[in-house]
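Trainee: sharing a sequence plus its predicted fold:
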Amino acid sequence: MAPQRPDGLAARIAAARRSRRLTQAELATAACVSLPMIKALERGARMPSDAVVDAIAEALDLDPERLTGSTRISNSRVHAAMPAIRAVVDAYDVPEDGPVRPLAELARIVAELTALRLASRYTQLAATVPAVMEELCRAVQVAQGPERAQAAALLAAATRSADAAAYKFGHLDLSARLVELMRWASRTAQDPLLEATAAYVRMEVFFSSRQQRSLASGVRMLEAAIDSAPAPEDGPSRAAVGALHMRAAVAAGRNADTASARAHLAQAKALAGAVREGVYSGTAFGPSSYRIHEVAVATELGDGGTVLTAAREWKPPAALPAERRSHYYIDVARAQLWQNLPDDALESLMVARRIAPQHAREHPQVQEVLRSLLRGRRSARNTLLGFAEWAGAV
């Protein structure tokens, strides 16, 4: 008798494929695996490798854990990549000898890493990024002139992707070192807009402390970066400066500095209105991104009524990066909790989870809302308990 997967992987693959109206042959083509492999997996007759699970999950637009039914698998694989990332950071200026592919090919790979970061697919990202970073460190060392600047810019982008996984999964010391490596690479690239992006990412260091003094320092850092950035005269420069204003508004709001939060939000709104929504230097910016941050600032200021009004009138479009959309629904859930709407709060968290599972599961505010929901119910529903267990809130 053919072996059966006890975790229901076969059934999950088949169900996800059918829900997307794909044939087995179409899924095989999309995942770059053989048709016999797909057929065997759906029968439960094969035990796929992690790489095959990742490929099928990407073809189905799912996080791998939705197929495996286990948060531990993806968690452990992300955590397991951290020593390799740390080793690259330790030796960024003295990398081991090895091959360096053409920069055009490396640019394509870095773009794929950025797409994984924006989609919150940290498992796939973490498996690839250490080797790419190490190769880019070699490229920076051996290249000259414009090619060295291009290699450094690619290293900054790859490092940002690595930092996303480190930061989201609680490796805050490594995250801080990755931010410094990104800043060094940005300076080496001699790209002022990239340096502004590095300042945007650096704010994570101040957010992680959760102290008012640190948040105030972070706002000052962002304001200094705004002053140093190029004048916002075209799309990329407006996006770079506007993103800094958006992040400063959220930080000021978290620090209960209403005047500063609203001032930065007004600047961000003006700049967002002058560009098309898009991803600029790895950061989403535009009218929709501004609206999400407007809700985030209202949430940080405790203005739940404004958040709920905004949520009734507007939903983030599907074209926005998954992480940004997921964060929007997390903020809405917080406001719904404060407004004594526990069922709505749970539903919003479930939407955030469907959009970006790994982002939602690792987000501390998701866990805080879930714990509050559990405390407020004498007998929690199975859905709430299951969600809380999945997110590690209980």
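Mentor: Good, I have the coordinates. Please read all numbers here as calculations on a predicted model, not as lab measurements.

Trainee: can you pull the poorly scored residue ranges out of the stretch 51-200 of the chain?
Mentor: Applying pLDDT under 70 to the stretch 51-200 of the chain flags residues 69-74.

Trainee: tell me the secondary structure of residue 47, please.
Mentor: coil (DSSP: H, G, I helix; E, B strand; the rest coil).

Trainee: what about it, neighbour count?
Mentor: When neighbours are counted by other CB atoms under 10 Å, residue 47 registers 11. Every residue, glycine included, has its C-beta placed from N, CA and C.

Trainee: next one: phi and psi at it?
Mentor: Main-chain torsions, residue 47, degrees, to the nearest 10: phi -110, psi 100.

Trainee: per-residue pLDDT, it?
Mentor: pLDDT, residue 47: 84.

Trainee: from residue 65, how far off is it?
Mentor: Applying CB to CB, to the nearest Å, the value for residue 47 to residue 65 is 17 Å.

Trainee: now the closest residue to residue 183 other than its chain neighbours: which helix or strand?
Mentor: Nearest residue to residue 183 in three dimensions, chain neighbours excluded: residue 198, at 4.6 Å (CB to CB, 6 or more residues apart in numbering). Residue 198 belongs to helix 192-209 when assigned by DSSP states H and E.

Trainee: in stretch 238-256, what's buried?
Mentor: Under the neighbour-count criterion of 16 or more other CB atoms under 10 Å, stretch 238-256 has 238-255 buried.

Trainee: ok so, going back, who does the helix holding residue 198 touch, helix- and strand-wise?
Mentor: Contacts defined by 3 or more CB pairs under 8 Å, 6 or more residues apart in numbering; DSSP states H and E place helix 192-209 against helix 145-168, helix 172-189, helix 212-228, helix 235-254.

Trainee: if we go to 10 Å?
Mentor: Contacting helix 192-209 under the criterion 3 or more CB pairs under 10 Å, 6 or more residues apart in numbering; DSSP states H and E are the following elements: helix 145-168, helix 172-189, helix 212-228, helix 235-254, strand 283-285.

Trainee: okay, these in JSON lines with distance to residue 10 next?
Mentor: Formatted as JSON lines, these follow (distance: least, CB to CB, whole Å):
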{"stretch": "helix 145-168", "distance to residue 10": "29"}
{"stretch": "helix 172-189", "distance to residue 10": "37"}
{"stretch": "helix 212-228", "distance to residue 10": "48"}
{"stretch": "helix 235-254", "distance to residue 10": "43"}
{"stretch": "strand 283-285", "distance to residue 10": "36"}
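
Trainee: select, out of these, the one closest to residue 387.
Mentor: Nearest to residue 387 among those is helix 145-168; the distance by CB to CB comes to 18.3 Å.

Trainee: next, the buried residues of that closest one.
Mentor: 148-168.

Trainee: same question for stretch 306-325.
Mentor: For stretch 306-325, burial by neighbour count (16+ other CB under 10 Å) applies to 306, 307, 308, 310, 311, 316, 320, 321, 322, 323, 324, 325.

Trainee: just the CA coordinates for it, please, in PDB.
Mentor: What follows is stretch 306-325, C-alpha atoms only, in PDB (Å, rounded to 0.1, in the frame of the first residue of the first chain):
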ATOM      1  CA  THR A 306     -11.300  57.100  12.600                       C
ATOM      2  CA  VAL A 307      -9.800  53.700  11.900                       C
ATOM      3  CA  LEU A 308     -13.200  52.000  11.700                       C
ATOM      4  CA  THR A 309     -14.600  54.700   9.500                       C
ATOM      5  CA  ALA A 310     -11.700  54.400   7.100                       C
ATOM      6  CA  ALA A 311     -12.100  50.600   7.100                       C
ATOM      7  CA  ARG A 312     -15.700  50.800   6.100                       C
ATOM      8  CA  GLU A 313     -15.000  53.200   3.300                       C
ATOM      9  CA  TRP A 314     -11.900  51.600   1.700                       C
ATOM     10  CA  LYS A 315     -10.000  48.300   1.300                       C
ATOM     11  CA  PRO A 316      -6.400  48.100   0.100                       C
ATOM     12  CA  PRO A 317      -6.200  46.900  -3.500                       C
ATOM     13  CA  ALA A 318      -4.900  43.400  -4.200                       C
ATOM     14  CA  ALA A 319      -2.000  44.900  -6.200                       C
ATOM     15  CA  LEU A 320      -0.300  46.200  -3.100                       C
ATOM     16  CA  PRO A 321       2.400  44.100  -1.500                       C
ATOM     17  CA  ALA A 322       1.000  41.400   0.800                       C
ATOM     18  CA  GLU A 323       2.800  42.500   3.900                       C
ATOM     19  CA  ARG A 324       1.400  46.100   3.600                       C
ATOM     20  CA  ARG A 325      -2.100  44.800   3.100                       C
END
